[in-house]
Structure formats: structure tokens, C-alpha cells
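K.L.:
have a look at this prediction, sequence included:
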Amino acid sequence: MTEILVATDADWILDEVRAALGGGTTIRWVRNGKDVVPAVKAQAADLVVLDLQIGNMGGMATCMELRLEAGADRMPEVGVLMLLDRAADVFLAQRCNADGWLIKPLDPFRLRRAADAILRNETYQEGVPAEV
């Protein structure tokens, strides 16, 4: 069974992720970015869905922490899908090495396509690519 960890403090985002990805998956939820790494270390996830704007530790910092911990062999690599507020945020998703990103508003078809791509170890990118 696929394990997905959703990191958002917005209930509507959790509801949309559950509606789009809930069949045949286990969906766990944290409300703070600082809780993501401990949650993944406690129980491995196949995919982390990160809201860019979340609590006291944003999606970019959380993604960077996931990458640093995995790079130091303190946890396994995990696919990261970032949920962005606008096309200009693509730069942030690229800088923190997210595997994919969607620009809000969300819809179930795009969310499913993005999650499936990342779970296949592919990337999924929306918006105008930013120069890095």
C-alpha cells in the first residue's frame, strides 16, 4: 500500500488530497513543516505532499531538510510534491529539489497525475520553468 504524508495547515488541501489520492493509499497528515522529518523517520512515506505556505516552517525549508537528512543517510529518500501558490514560486520548488510541483488551485486529475509520476520516480512540473 502506498504511504502518503500530507503537510498542510489548510483543511481544504487535505480534503482535496484525500479525494484525489485516497483510493488504495494510506494518507497521514501533519500541520507543521517541522513535524515532517520526524513523521517520515517514524514511518516511511512513499510521497510527501508539501504545502508551500505551512505553519512556522515553510514547504521550501521542509523539503530542504528532507533532502539533507536523506543525503546524510539519516532517513530514506522520499518523493516530494510541492503545492505552490503562484507560478513565480516555481523557482523555490526548483531550488529545494522538489520532485514535482502543482500551482493552486488544485484539481483531482492534475494531483493524481503529479503523484503518480513522482511515485514512478519521474518529475512533474507546472508553470513556467524558472532559471536557476
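P.N.:
Here it is on my side, so go on.
K.L.:
tell me where this protein has helices.
P.N.:
For the chain, the helices defined by DSSP state H occupy 11-21, 36-42, 59-71, 90-95, 108-119.
K.L.:
any idea how far Gly33 is from the residue most central in space within the chain?
P.N.:
Closest to where the C-alpha atoms of the chain average out (Cα atoms, centre = their mean) is Val49, at 2.5 Å. According to Cβ to Cβ, to the nearest Å, Val49 stands 12 Å off from Gly33. (Each C-beta comes from the backbone N, C-alpha and C, glycine too.)
K.L.:
what's the overlap in contacts for these two?
P.N.:
Ala7 (Cβ atoms under 8 Å, 6 or more residues apart in numbering).
K.L.:
which other helices and strands contact the lowest-mean-pLDDT helix or strand in the chain?
P.N.:
Here the helix or strand of the chain ranked lowest by mean pLDDT, DSSP states H and E is helix 90-95, holding a mean of 93. Using 3 or more Cβ pairs under 8 Å, 6 or more residues apart in numbering; DSSP states H and E as the contact test, the elements touching helix 90-95 are helix 59-71, strand 79-84, strand 100-103.
K.L.:
now do that helix: distance to the chain's middle.
P.N.:
Chain-centre distance of helix 90-95: 13 Å, with Cα atoms, centre = their mean, to the nearest Å.
K.L.:
and it, what's buried?
P.N.:
Neighbour-count burial for helix 90-95, counted by 16 or more other Cβ atoms under 10 Å, picks out 90-94.
K.L.:
repeat for stretch 104-124
P.N.:
So for stretch 104-124, counting by 16+ other Cβ under 10 Å, buried means 104, 106, 111, 114-115, 117-119, 124.
K.L.:
pipe those residues into JSON lines and attach pLDDT and distance to Ala45 per row.
P.N.:
Converted to JSON lines, those look like this (pLDDT from 0 to 100; distance: Cβ to Cβ, whole Å):
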{"residue": "Lys104", "pLDDT": "94", "distance to Ala45": "22"}
{"residue": "Leu106", "pLDDT": "93", "distance to Ala45": "19"}
{"residue": "Leu111", "pLDDT": "96", "distance to Ala45": "16"}
{"residue": "Ala114", "pLDDT": "97", "distance to Ala45": "16"}
{"residue": "Ala115", "pLDDT": "97", "distance to Ala45": "12"}
{"residue": "Ala117", "pLDDT": "97", "distance to Ala45": "16"}
{"residue": "Ile118", "pLDDT": "98", "distance to Ala45": "11"}
{"residue": "Leu119", "pLDDT": "97", "distance to Ala45": "11"}
{"residue": "Tyr124", "pLDDT": "96", "distance to Ala45": "17"}
